[in-house]
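1. predicted model and sequence follow; I will ask about them next.
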Amino acid sequence: MNDHVCNIMLCDSLARTLLPRMRAEMVYRLVHQRGISQSEVSKRLGISRAAISQYLSRKRGRSETDLPDDLDEIIERWVTAVDSGSGMITICDVCRSAGKPFGK
């Protein structure tokens, strides 16, 4: 990937617009593709069981537009990190994967 210069305004936009949709997709994959229970996913992510249910029913993280295809790989890395209990994904990883320029 290219060199990345952090911009707090872009990070803020990313956190508000993409992360909720990405988390919804990650929760869906953990439950439906990896077969992890909703209760276990809530423990691993440190969020309530109700939040997991809302992500799955698309009450949270819902959007009129699809996620950019560029983010599929980073979502899968996030799923694998949560599933295996190892690894880490940063906001910068997501921003780099979202393509440039993000938020414009």
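-> All right, it came through fine.

2. list the contacts of the nearest residue to Ile36 once chain neighbours are set aside.
-> Of all residues not flanking Ile36 in the chain, Leu30 sits nearest, at 4.9 Å (C-beta to C-beta, 6 or more residues apart in numbering). The way it works is simple: take the backbone N, C-alpha and C, and place the C-beta from them, glycine included. The contact partners of Leu30, by C-beta atoms under 8 Å, 6 or more residues apart in numbering, come to Ile36, Val41, Arg44, Val79, Val82, Asp83.

3. show me the contacts for the fifth one.
-> Okay, so that is Val82. Met26, Leu30, Val41, Arg44, Leu45.

4. and the furthest pair within the residues you listed?
-> Met26 and Arg44 (10.6 Å; C-beta to C-beta).

5. ok, longest helix in the chain?
-> helix 72-84 (DSSP state H).

6. give the next helix or strand downstream of that helix.
-> helix 91-97 (DSSP states H and E).

7. about what we covered before: the more surrounded of Met26 and Arg44?
-> Neighbours per residue, other C-beta atoms under 10 Å: of Met26 and Arg44, the larger number sits with Met26, 25 against 14.

8. which strands and helices lie in contact with the helix or strand encompassing that one?
-> For Met26, the element it lies in under DSSP H and E is helix 19-28. Counting contacts by 3 or more C-beta pairs under 8 Å, 6 or more residues apart in numbering; DSSP states H and E, helix 19-28 is packed against helix 38-45, helix 49-56, helix 72-84.
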